[in-house]
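**Q** Based on what follows, work out the 3D shape:
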Amino acid sequence: MARPPVLKLPEVLEEIGMSRAAFYRMRARGQAPRLIKLPNGQIRCRRTDLDTWWATYELNAH
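**A** Purely as a prediction, here's the structure:
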């Protein structure tokens, strides 16, 4: 079974149109998409987690 695609943090920031600082403030409030911290300290986000996060905000906008 193939793993879902993962995005690097700069790719996530570009897609959502947000600065790193703003993203981390949102993350501190528990409002950011779910992230994965790799053993080397790098951050990744599963495509499915980002899509779910987007869907949540779309639902709240209606």
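**Q** CA atoms for contacts and neighbours, from now on please.
**A** Noted.
**Q** Just the buried positions in stretch 11-28, please.
**A** With burial defined by 16 or more other CA atoms under 10 Å, the residues of stretch 11-28 counted as buried are 12, 23.
**Q** chain center to it: distance?
**A** Averaging C-alpha positions (CA atoms, centre = their mean, to the nearest Å) puts stretch 11-28 8 Å from its chain's average.
**Q** State the mean pLDDT of it.
**A** When pLDDT is averaged over stretch 11-28, the result is 96.
**Q** ok, now stretch 49-59?
**A** Averaged over stretch 49-59, pLDDT sits at 88.
**Q** Please enumerate the strands of this protein.
**A** 6-8, 36-37, 43-46 (DSSP state E).
**Q** JSON lines for these, including mean pLDDT?
**A** Output for these, formatted as JSON lines (pLDDT from 0 to 100):
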{"stretch": "strand 6-8", "mean pLDDT": "96"}
{"stretch": "strand 36-37", "mean pLDDT": "94"}
{"stretch": "strand 43-46", "mean pLDDT": "96"}
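**Q** tell me the most buried of those strands?
**A** Stretch with highest mean neighbour count among the strands of the chain: strand 43-46 (a mean of 18; mean count of other CA atoms under 10 Å).
**Q** In PDB, list the C-alpha atoms belonging to the longest helix along the chain.
**A** Longest helix in the chain, counting residues (DSSP state H): helix 47-61. Presented in PDB, the C-alpha positions along helix 47-61 are these (Å, rounded to 0.1, in the frame of the first residue of the first chain):
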ATOM      1  CA  ARG A  47      -1.700  15.900   1.700                       C
ATOM      2  CA  THR A  48      -4.800  14.200   3.200                       C
ATOM      3  CA  ASP A  49      -4.400  16.200   6.500                       C
ATOM      4  CA  LEU A  50      -4.000  19.500   4.600                       C
ATOM      5  CA  ASP A  51      -7.100  18.700   2.500                       C
ATOM      6  CA  THR A  52      -9.100  17.900   5.600                       C
ATOM      7  CA  TRP A  53      -7.900  21.100   7.200                       C
ATOM      8  CA  TRP A  54      -9.000  23.100   4.100                       C
ATOM      9  CA  ALA A  55     -12.400  21.300   4.200                       C
ATOM     10  CA  THR A  56     -13.000  22.300   7.800                       C
ATOM     11  CA  TYR A  57     -12.400  26.000   7.100                       C
ATOM     12  CA  GLU A  58     -14.700  25.800   4.000                       C
ATOM     13  CA  LEU A  59     -17.500  24.300   6.100                       C
ATOM     14  CA  ASN A  60     -17.000  27.000   8.800                       C
ATOM     15  CA  ALA A  61     -17.200  29.800   6.100                       C
END
